[in-house]
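1. Model the following, please.
(chains A and B)
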Amino acid sequence: GAVVSQHPSWVICKSGTSVKIECRSLDFQATTMFWYRQFPKQSLMLMATSNEGSKATYEQGVEKDKFLINHASLTLSTLTVTSAHPEDSSFYICSAKTGMYYGYTFGSGTRLTVV
Amino acid sequence: QKEVEQNSGPLSVPEGAIASLNCTYSDRGSQSFFWYRQYSGKSPELIMFIYSNGDKEDGRFTAQLNKASQYVSLLIRDSQPSDSATYLCAVNIRTGNQFYFGTGTSLTVIP
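-> As a prediction, the model looks like this:
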(Lines give C-alpha, C1' and ligand atoms only; values in the text may rest on other atoms or scores of the structure.)
Protein backbone atom coordinates (compact mmCIF):
# COMPACT_ATOMS: atom_id res chain seq x y z
CA GLY A 1 0.00 0.00 0.00
CA ALA A 2 0.87 3.65 -0.22
CA VAL A 3 3.46 4.74 2.31
CA VAL A 4 4.33 8.22 3.46
CA SER A 5 7.63 8.46 5.28
CA GLN A 6 8.15 11.34 7.68
CA HIS A 7 11.43 12.30 9.37
CA PRO A 8 12.51 12.93 12.00
CA SER A 9 10.06 11.23 14.31
CA TRP A 10 11.07 13.53 17.12
CA VAL A 11 13.33 16.53 17.52
CA ILE A 12 14.34 18.81 20.34
CA CYS A 13 15.69 22.21 19.44
CA LYS A 14 16.63 25.42 21.16
CA SER A 15 14.41 28.45 20.99
CA GLY A 16 15.30 30.64 18.02
CA THR A 17 16.65 27.86 15.82
CA SER A 18 15.02 26.34 12.74
CA VAL A 19 13.88 22.78 12.24
CA LYS A 20 13.16 20.99 8.97
CA ILE A 21 10.71 18.11 8.71
CA GLU A 22 10.64 15.90 5.63
CA CYS A 23 7.70 14.03 4.17
CA ARG A 24 8.25 11.55 1.36
CA SER A 25 5.83 9.45 -0.64
CA LEU A 26 7.68 6.18 -1.12
CA ASP A 27 5.78 4.31 -3.80
CA PHE A 28 3.58 6.90 -5.42
CA GLN A 29 3.73 10.43 -6.67
CA ALA A 30 2.04 13.02 -4.51
CA THR A 31 1.22 16.22 -6.30
CA THR A 32 -0.45 17.48 -3.15
CA MET A 33 0.62 17.01 0.43
CA PHE A 34 -0.91 18.41 3.57
CA TRP A 35 0.68 19.52 6.81
CA TYR A 36 -1.17 19.26 10.09
CA ARG A 37 -0.39 20.24 13.64
CA GLN A 38 -1.83 18.58 16.68
CA PHE A 39 -1.56 19.88 20.23
CA PRO A 40 -2.10 17.48 23.14
CA LYS A 41 -5.67 16.23 23.43
CA GLN A 42 -6.74 18.26 20.43
CA SER A 43 -7.65 17.31 16.91
CA LEU A 44 -5.61 17.66 13.78
CA MET A 45 -5.49 21.20 12.47
CA LEU A 46 -4.65 21.72 8.81
CA MET A 47 -1.78 24.18 8.50
CA ALA A 48 -1.16 24.24 4.78
CA THR A 49 -1.60 22.48 1.50
CA SER A 50 1.60 21.84 -0.38
CA ASN A 51 1.46 21.65 -4.16
CA GLU A 52 4.36 20.37 -6.22
CA GLY A 53 6.04 23.14 -8.13
CA SER A 54 3.98 25.97 -6.71
CA LYS A 55 3.53 27.97 -3.55
CA ALA A 56 1.81 26.36 -0.62
CA THR A 57 -1.63 27.44 0.46
CA TYR A 58 -1.78 28.32 4.13
CA GLU A 59 -4.79 28.15 6.39
CA GLN A 60 -5.99 31.26 8.09
CA GLY A 61 -3.87 32.13 11.09
CA VAL A 62 -0.80 30.16 9.99
CA GLU A 63 2.24 32.35 9.41
CA LYS A 64 3.72 31.48 6.04
CA ASP A 65 7.03 33.16 6.88
CA LYS A 66 7.38 31.06 10.00
CA PHE A 67 6.32 27.74 8.54
CA LEU A 68 8.15 27.42 5.25
CA ILE A 69 6.91 24.71 2.95
CA ASN A 70 8.78 23.43 -0.07
CA HIS A 71 7.39 20.83 -2.46
CA ALA A 72 10.08 20.66 -5.11
CA SER A 73 9.40 17.14 -6.32
CA LEU A 74 6.48 14.75 -6.64
CA THR A 75 7.77 12.68 -3.75
CA LEU A 76 9.09 15.20 -1.25
CA SER A 77 7.60 18.03 0.76
CA THR A 78 9.39 19.77 3.60
CA LEU A 79 8.17 21.94 6.44
CA THR A 80 10.68 24.25 8.10
CA VAL A 81 9.76 25.83 11.39
CA THR A 82 11.83 28.99 11.51
CA SER A 83 12.88 30.75 14.69
CA ALA A 84 11.09 28.14 16.74
CA HIS A 85 9.61 29.06 20.09
CA PRO A 86 8.27 26.87 22.89
CA GLU A 87 4.70 27.50 21.74
CA ASP A 88 5.60 25.79 18.45
CA SER A 89 6.11 22.55 20.34
CA SER A 90 3.57 20.18 18.86
CA PHE A 91 3.02 17.01 16.85
CA TYR A 92 3.39 17.73 13.14
CA ILE A 93 1.93 15.29 10.65
CA CYS A 94 1.99 15.25 6.87
CA SER A 95 -0.36 13.40 4.59
CA ALA A 96 -0.74 12.78 0.90
CA LYS A 97 -3.51 11.77 -1.39
CA THR A 98 -2.66 8.28 -2.54
CA GLY A 99 -4.47 8.39 -5.84
CA MET A 100 -6.00 4.98 -5.21
CA TYR A 101 -9.18 6.52 -3.87
CA TYR A 102 -10.07 9.79 -2.26
CA GLY A 103 -8.42 8.89 0.99
CA TYR A 104 -5.17 10.08 2.40
CA THR A 105 -2.18 8.38 3.91
CA PHE A 106 -0.47 9.96 6.88
CA GLY A 107 3.17 10.10 7.78
CA SER A 108 4.19 8.84 11.19
CA GLY A 109 4.41 12.34 12.60
CA THR A 110 7.15 14.46 14.13
CA ARG A 111 7.15 15.42 17.78
CA LEU A 112 8.80 18.84 18.04
CA THR A 113 9.90 20.14 21.40
CA VAL A 114 11.36 23.63 21.60
CA VAL A 115 13.28 24.37 24.78
CA GLN B 1 -20.36 26.18 12.96
CA LYS B 2 -17.58 23.68 12.48
CA GLU B 3 -17.49 21.69 9.30
CA VAL B 4 -17.29 18.40 11.15
CA GLU B 5 -18.46 17.76 14.69
CA GLN B 6 -18.00 14.82 16.97
CA ASN B 7 -18.81 14.14 20.59
CA SER B 8 -15.42 14.29 22.27
CA GLY B 9 -16.39 11.67 24.83
CA PRO B 10 -14.82 9.94 26.56
CA LEU B 11 -16.87 6.94 25.59
CA SER B 12 -16.41 3.81 27.66
CA VAL B 13 -17.77 0.41 26.73
CA PRO B 14 -17.15 -3.05 28.21
CA GLU B 15 -15.18 -5.57 26.25
CA GLY B 16 -17.40 -7.41 23.78
CA ALA B 17 -19.98 -4.62 23.53
CA ILE B 18 -20.81 -2.47 20.54
CA ALA B 19 -19.22 0.97 20.45
CA SER B 20 -21.10 3.62 18.50
CA LEU B 21 -19.32 6.75 17.33
CA ASN B 22 -21.15 9.60 15.62
CA CYS B 23 -20.19 12.50 13.42
CA THR B 24 -22.15 15.29 11.77
CA TYR B 25 -21.06 17.58 8.98
CA SER B 26 -22.27 20.91 7.72
CA ASP B 27 -21.63 20.88 3.98
CA ARG B 28 -24.49 19.07 2.30
CA GLY B 29 -22.40 18.69 -0.81
CA SER B 30 -19.72 16.61 0.93
CA GLN B 31 -18.66 13.66 -1.13
CA SER B 32 -16.68 11.20 0.92
CA PHE B 33 -16.36 10.31 4.56
CA PHE B 34 -13.60 8.64 6.49
CA TRP B 35 -12.96 7.20 9.90
CA TYR B 36 -9.44 7.21 11.28
CA ARG B 37 -8.12 5.69 14.47
CA GLN B 38 -5.36 7.45 16.36
CA TYR B 39 -3.47 5.93 19.24
CA SER B 40 -1.88 8.33 21.68
CA GLY B 41 1.31 9.82 20.26
CA LYS B 42 0.80 8.15 16.90
CA SER B 43 -0.39 9.25 13.49
CA PRO B 44 -3.97 8.54 12.37
CA GLU B 45 -4.62 5.35 10.43
CA LEU B 46 -7.53 4.83 8.10
CA ILE B 47 -10.19 2.39 9.23
CA MET B 48 -12.94 2.87 6.70
CA PHE B 49 -14.29 5.20 4.08
CA ILE B 50 -17.81 5.48 2.71
CA TYR B 51 -19.34 7.38 -0.18
CA SER B 52 -22.90 6.11 -0.51
CA ASN B 53 -25.87 6.22 1.80
CA GLY B 54 -26.34 3.12 3.88
CA ASP B 55 -24.04 0.73 5.66
CA LYS B 56 -20.59 -0.51 4.78
CA GLU B 57 -19.15 -3.38 6.75
CA ASP B 58 -15.52 -4.43 7.15
CA GLY B 59 -14.87 -7.05 9.77
CA ARG B 60 -15.96 -5.74 13.14
CA PHE B 61 -16.43 -2.23 11.79
CA THR B 62 -19.54 -0.81 10.13
CA ALA B 63 -19.75 2.68 8.75
CA GLN B 64 -23.18 4.21 8.31
CA LEU B 65 -23.90 7.25 6.16
CA ASN B 66 -27.08 9.29 6.04
CA LYS B 67 -26.63 12.24 3.70
CA ALA B 68 -30.15 13.56 4.26
CA SER B 69 -29.42 13.95 7.97
CA GLN B 70 -25.76 14.78 7.38
CA TYR B 71 -24.32 12.27 9.75
CA VAL B 72 -21.93 9.40 9.55
CA SER B 73 -21.34 6.84 12.25
CA LEU B 74 -18.96 4.03 13.05
CA LEU B 75 -19.99 0.90 14.88
CA ILE B 76 -17.40 -1.37 16.42
CA ARG B 77 -18.74 -4.80 17.27
CA ASP B 78 -17.17 -7.09 19.85
CA SER B 79 -15.06 -4.21 21.15
CA GLN B 80 -11.58 -5.12 22.32
CA PRO B 81 -9.23 -3.27 24.69
CA SER B 82 -6.96 -2.72 21.68
CA ASP B 83 -9.73 -0.62 20.15
CA SER B 84 -9.14 2.00 22.85
CA ALA B 85 -8.05 5.07 20.92
CA THR B 86 -9.31 8.36 19.56
CA TYR B 87 -11.50 8.03 16.49
CA LEU B 88 -11.46 10.86 14.01
CA CYS B 89 -14.17 11.53 11.49
CA ALA B 90 -12.99 13.23 8.31
CA VAL B 91 -15.01 14.69 5.49
CA ASN B 92 -13.86 15.56 2.01
CA ILE B 93 -15.76 18.73 1.28
CA ARG B 94 -17.28 18.51 -2.18
CA THR B 95 -14.61 17.55 -4.71
CA GLY B 96 -11.76 19.53 -3.26
CA ASN B 97 -8.56 18.10 -1.90
CA GLN B 98 -9.02 19.29 1.63
CA PHE B 99 -10.05 17.17 4.51
CA TYR B 100 -11.80 18.49 7.54
CA PHE B 101 -11.44 16.53 10.72
CA GLY B 102 -13.70 16.35 13.70
CA THR B 103 -12.18 16.82 17.13
CA GLY B 104 -12.22 13.09 17.70
CA THR B 105 -13.99 10.79 20.14
CA SER B 106 -11.94 9.08 22.80
CA LEU B 107 -12.97 5.45 23.22
CA THR B 108 -11.99 3.23 26.12
CA VAL B 109 -12.84 -0.45 26.06
CA ILE B 110 -12.87 -1.83 29.57
CA PRO B 111 -11.64 -5.43 29.96
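2. any idea how far the lowest-mean-pLDDT helix or strand in chain B is from the chain center?
-> Ranking every helix and strand in chain B by mean pLDDT, DSSP states H and E puts strand B:99-101 at the bottom, with a mean of 81. Computed by CA atoms, centre = their mean, to the nearest Å, the chain-centroid distance of strand B:99-101 equals 12 Å.
3. what does that strand contact?
-> Outside strand B:99-101, the residues within contact range by CB atoms under 8 Å, 6 or more residues apart in numbering or on different chains are A:34, A:43-44, A:46, A:95, A:104, B:3-4, B:25, B:34, B:36, B:88-93. From N, CA and C alone the C-beta is placed, and that goes for glycine too.
4. how far is stretch A:5-18 from where the chain is centred?
-> On CA atoms, centre = their mean, the centre of stretch A:5-18 falls 12 Å from that of its chain.
5. what about it, start to end distance?
-> With CA to CA, to the nearest Å applied, stretch A:5-18 spans 21 Å between its terminal residues.
6. Identify each buried residue in that stretch, please.
-> A:6, A:11, A:13 (16 or more other CB atoms under 10 Å in any protein chain shown).
7. ok, so of these, who is nearest A:Glu22?
-> Nearest to A:Glu22 among these: A:Gln6, at 6.9 Å, using CB to CB.
8. My reading is that that closest one is in a strand; is that accurate?
-> Yes - judged by DSSP: H, G, I helix; E, B strand; the rest coil, A:Gln6 forms part of a strand.
9. how about it, what does it touch?
-> A:21-24, A:93-94, A:107-110, B:43.
10. Select from the residues you listed the one having the most neighbours.
-> A:Cys94 (31 neighbours; other CB atoms under 10 Å in any protein chain shown).
11. wait, doesn't that residue sit right on A:Phe106?
-> Yes - contact criterion CB atoms under 8 Å: A:Cys94 and A:Phe106 qualify, at 7.3 Å.
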